[in-house]
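Student: pasting the sequence and the predicted coordinates here, then a few questions.
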Amino acid sequence: MSQEKELTFSEAIEKAQQSIVRFPLIPIRGIPLMSYIAQNFDSIWAFRPDPSDLLIATYPKAGTTWTQEIVDLLLHNGDAEACKRAPTPVRSPFLEICSPPPIPSGLDLLRKMDPPRVIKTHFPFQLVPPGFWENKCKTIYVARNAKDNMVSYFHFDCMNKTQPEPGPWEGYIHKFMQGELSWGSWYDHVKGWWAEREKRNILYLFYEDMKENPRREVERIMRYLDLSLPDDVISRIVELTSFKSMKENPMANYSCVPKPVFDQSISPFMRKGEVGDWTNHFTAEQSKVFDEDYEKQMKGTDIPFRTQI
């Protein structure tokens, strides 16, 4: 009876492989979510975090894993070995993720952890369980410019066998612009969190800033968490969370997820981690159409996105 409980995260995924499919999207309050998440939304919405819990929120492929690793290292004083105790999704559970048994859901993993916990979500602001705001949990939001974010999400959807089939790049651009991907509209996502950042004491970070000056942004996160670490520890954390280091770290590069689920021969989970890679994907015409739509969708907002650094 206790055998399934003793499975590691990777073993649970291995065991459930035959149940893994590209799950259809079902709208919840107008946001398309994978069917397993949609079916369990009431339980997720009812989740009550501890006031000491930290939420890391992003639109998919905007620097989530990077931020999770920075936070874990800050909380463990830059101890690389301590941060290799388990893969990222076990150390910092994905709040809303639900999969076929025996893969543990985010809620399953969180129930087994004592606070303070570091919790990941891709929910737009309005779908985050209200307990996070009632308990005044600290929250870090990371935003990435739309074009690079979409390129990264496209490659991820190609290799992630649980997300809907992405189809050709040309069509994917229109799905992105119309908010038809998992977790909905990028535009509404970044704007929704931006609008709440001061009221909810949300640390709103930009992927481009993190690439441009990682030390500065690591120090910003450290101060937000009310920590004070010596310079040499900060330097070590910056090094350990470089793209190269994380790509080679089996506890951070999602190699724990077997090939039938994440086929990293199609595209690595950690692919490039660059700013401006969109120029290798958009044609001049596609860029023009996208930019015109972007102006309409982002009209009246002052979020300082950069597509190059």
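Tutor: Structure's in. What do you need? Numbers count the residues shown, from 1 in each chain.

Student: quick one: contacts for the residue most central in space within the chain?
Tutor: Central residue of the chain (Cα atoms, centre = their mean): residue 64, 3.6 Å from the mean position. Contacts for residue 64 (Cβ atoms under 8 Å, 6 or more residues apart in numbering) come out as 56, 58, 120, 122, 142. All C-beta atoms are positioned from the backbone trio N, CA, C, and that covers glycine.

Student: which SS state does the first one fall under?
Tutor: Meaning residue 56. strand (DSSP: H, G, I helix; E, B strand; the rest coil).

Student: quick one: residue 117 and residue 212, what's the gap?
Tutor: Per Cβ to Cβ, to the nearest Å, residue 117 is found 30 Å from residue 212.

Student: and residue 188, by the same measure?
Tutor: Separation of residue 188 from residue 212 (Cβ to Cβ): 26 Å.

Student: can you check residue 303 too?
Tutor: For residue 303, the distance to residue 212 (Cβ to Cβ) stands at 17 Å.

Student: for residue 287, same thing?
Tutor: Distance from residue 287 to residue 212, counting by Cβ to Cβ: 22 Å.

Student: sorry, back to before: between residue 188 and residue 212, which one's more packed in?
Tutor: Legend: neighbour count by other Cβ atoms under 10 Å for residue 188 and residue 212, higher for residue 188 (17 against 13).

Student: OK, contacts around that one?
Tutor: Taking Cβ under 8 Å, 6+ apart as the criterion, residue 188 is in contact with 124, 179.

Student: which of the three states applies to it?
Tutor: helix.

Student: and it, what's its pLDDT?
Tutor: Reported pLDDT at residue 188 in the predicted model: 98.

Student: and what of residue 79?
Tutor: Reported pLDDT for residue 79: 96.

Student: burial of it, as a residue count?
Tutor: Using other Cβ under 10 Å, the number of residues around residue 79 comes to 16.

Student: you'd agree it is up against residue 73?
Tutor: Yes - proximity of residue 79 to residue 73 meets the contact threshold set by Cβ atoms under 8 Å, at 7.5 Å.

Student: just the strands in this structure please.
Tutor: 25-28, 31-34, 54-58, 118-121, 138-143, 202-206 (DSSP state E).

Student: out of these, nearest to residue 101?
Tutor: Nearest to residue 101, of all these, is strand 31-34, at 15.8 Å by Cβ to Cβ.

Student: show residues contacting the closest one.
Tutor: By Cβ under 8 Å, 6+ apart, strand 31-34 touches 23-27, 41, 96, 123-124, 127, 162-163, 179-184.

Student: what do you get for stretch 77-87?
Tutor: Here stretch 77-87 has contacts from 9-10, 69, 72-73, 76, 91, 229, 233-234, 236-237, 240, 249-252, 254, 256, using Cβ under 8 Å, 6+ apart.

Student: cool, stretch 275-285 as well?
Tutor: Here stretch 275-285 makes contact (Cβ under 8 Å, 6+ apart) with 145, 147-148, 150-152, 154, 169, 173, 207-208, 211-212, 290, 306-309.

Student: stretch 203-223 too?
Tutor: 62-63, 66-67, 70-71, 74, 138-145, 148-149, 193-194, 197, 224, 228-229, 234-235, 237-238, 241-242, 273-275, 304-306, 309.

Student: quick revisit: now the buried members of the contacts of stretch 275-285.
Tutor: Listed as buried from the contacts of stretch 275-285 are 145, 147-148, 150-152, 154, 169, 173, 207-208, 211, 290; burial here means 16 or more other Cβ atoms under 10 Å.

Student: phi, psi of the spatially closest residue to residue 152 that is not a sequence neighbour?
Tutor: For residue 152, ignoring the flanking residues on the chain, the nearest one in space by Cβ to Cβ, 6 or more residues apart in numbering is residue 61 at 3.9 Å. The phi/psi pair for residue 61 (degrees, to the nearest 10) reads phi 70, psi 40.

Student: quick one, what contacts the closest residue in space to residue 48 that isn't next to it in sequence?
Tutor: Leaving aside its sequence neighbours, residue 48 sits nearest to residue 131 (Cβ to Cβ, 6+ apart; 4.4 Å). Counting by Cβ under 8 Å, 6+ apart, residue 131 touches 47-49.

Student: contacts for the helix or strand of the chain with the lowest mean pLDDT?
Tutor: Between all helices and strands in the chain, the lowest mean by mean pLDDT, DSSP states H and E belongs to helix 9-15, at a mean of 83. Applying Cβ under 8 Å, 6+ apart, the contact partners of helix 9-15 are 4, 7, 86-87, 89-90, 99, 102-104, 256-258, 261.

Student: alpha carbons of that helix, in CSV - could you do that?
Tutor: Extracted C-alpha coordinates of helix 9-15, given in CSV (Å, rounded to 0.1, in the frame of the first residue of the first chain):
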residue,chain,number,x,y,z
PHE,A,9,9.1,12.2,-8.8
SER,A,10,10.9,10.7,-11.8
GLU,A,11,9.6,7.2,-11.1
ALA,A,12,6.1,8.4,-10.7
ILE,A,13,6.3,10.0,-14.2
GLU,A,14,7.8,6.8,-15.6
LYS,A,15,4.9,4.8,-14.2
